[in-house]
Every structure is written in C-alpha cells, then in structure tokens.
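J.: have a look at this prediction, sequence included:
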Amino acid sequence: RNANLYGQAIIAYLQKKGYPEVALHFVKDPKTRFNLAVECGNIEVAMSAAQQLDDPAVWEKLSEIALQQGNHQVVEIAYQRTKNFEKLSFLYLITGNMEKLRKMQKIAEHRGDTNSHYQNTLYTGDVAERVKVLKNVGQRGLAYLCAKTHGLEEEAAAIAASLPPEQIPQVTENAKLLKPGVPIM
C-alpha cells in the first residue's frame, strides 16, 4: 500500500513539474495513462488507453486532441466509436472521401434520419436522391423545384402532375445547379 502511495506521489510530482511523458512510463491504470497521454500529446498511447476504457467521453476527448493535431485517421475512429454521424460526414467531406460520404448517406437513410440523409445528398451532389428525400417527407413543391432547377425534367414533370396547378412553384430564372466543391488534395 505504501509503495502505491509513493508511486502516485512520484507520478503527481512529475506531472506537476511538466514531465507527463516521463510519468506515462510508470503508469498502468488506463484512465491515468489516457489523461497523461492527452497532456503530453501522445495520440498512440491515448488511443490504446481509449480502447481499453471504451468510454464515450474518452473517445470524444481523443477526437478533440487528434483533430487539433490533424490526425484525421484517429478522429475518424473516435467518431465511429461514439456514433457521431454528423461530424463523421463532415470529416469525410473535408478529407474528400466521397466513397465513405455515400456510405454515410445510406446509413442516414437506414437510420431514418432525414436531416442527415438530406445533408449527405448535398455533400455528395446527389440531386436525384435529394428529390427523393423531399418527396418522402411530403415536400413535393420543394422536390419539384429541386428537380426542375437541376435539370431532372422527367422527374419534375411527374411531380408537377401530382400537384394541383396552383401549388406548382415558379422556378427562379437565375437558379443554378448546386454542386459541392471538389476537395483540394
């Protein structure tokens, strides 16, 4: 018991004096290792401790630190573990990972998360899916506008046929196709 107290005192002393990376070598407890690794910016050790702890708050903290360091691979893992779908989609947008963005679009559809599903269609530039989402939530007028503005004439005509003539919205003359920018790599 005394040895444990001495060990904790030494670790606390090293940490207090600004040497968390040295204290890290003497610690076995995953929570303490995680905190020390975060303090000294050691993402690999923090990741290992996070896997042992498997706590959403720990994964969230790890994602913040990894994001500050620009380690998007660890950020991705942390977002996946916390099921932070919105941030994960945005990460894929920023990193230009269109394949995973399309997967996020499908995941949002399966989860029944209309807002996330629509947001991902904006990210991927999938106009046909955007029109489908709008129709599915009963926004046929908006679905018509989206289809007409983006040149989906057959779809726009089908939607217009299902609307009373007075509910068919007028398309703005200078409306343009909305496409996401190409990521710079």
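T.: Cool, got the structure.
J.: how about Lys28, phi and psi?
T.: Backbone torsions for Lys28, taken as degrees, to the nearest 10, come to phi -110, psi -30.
J.: got the contact list for it?
T.: By C-beta atoms under 8 Å, 6 or more residues apart in numbering, Lys28 lies in contact with nothing. Just so you know, the C-beta spots here come from the backbone N, C-alpha and C atoms, and that holds for glycine as well.
J.: then Asp126?
T.: Applying C-beta under 8 Å, 6+ apart to Asp126 gives the contacts 102, 105.
J.: again, 10 Å this time
T.: Asp126 makes contact with 101-102, 105, 120, 132-133, 180, according to C-beta atoms under 10 Å, 6 or more residues apart in numbering.
J.: spatially nearest residue to Gln167 (excluding sequence neighbours)?
T.: Leaving aside its sequence neighbours, Gln167 sits nearest to Gly141 (C-beta to C-beta, 6 or more residues apart in numbering; 6.1 Å).
J.: element containing the one you found?
T.: helix 140-149 (DSSP states H and E).
J.: quick one: that helix to chain centroid distance?
T.: Helix 140-149 has its C-alpha centroid displaced from the chain centroid by 28 Å (C-alpha atoms, centre = their mean, to the nearest Å).
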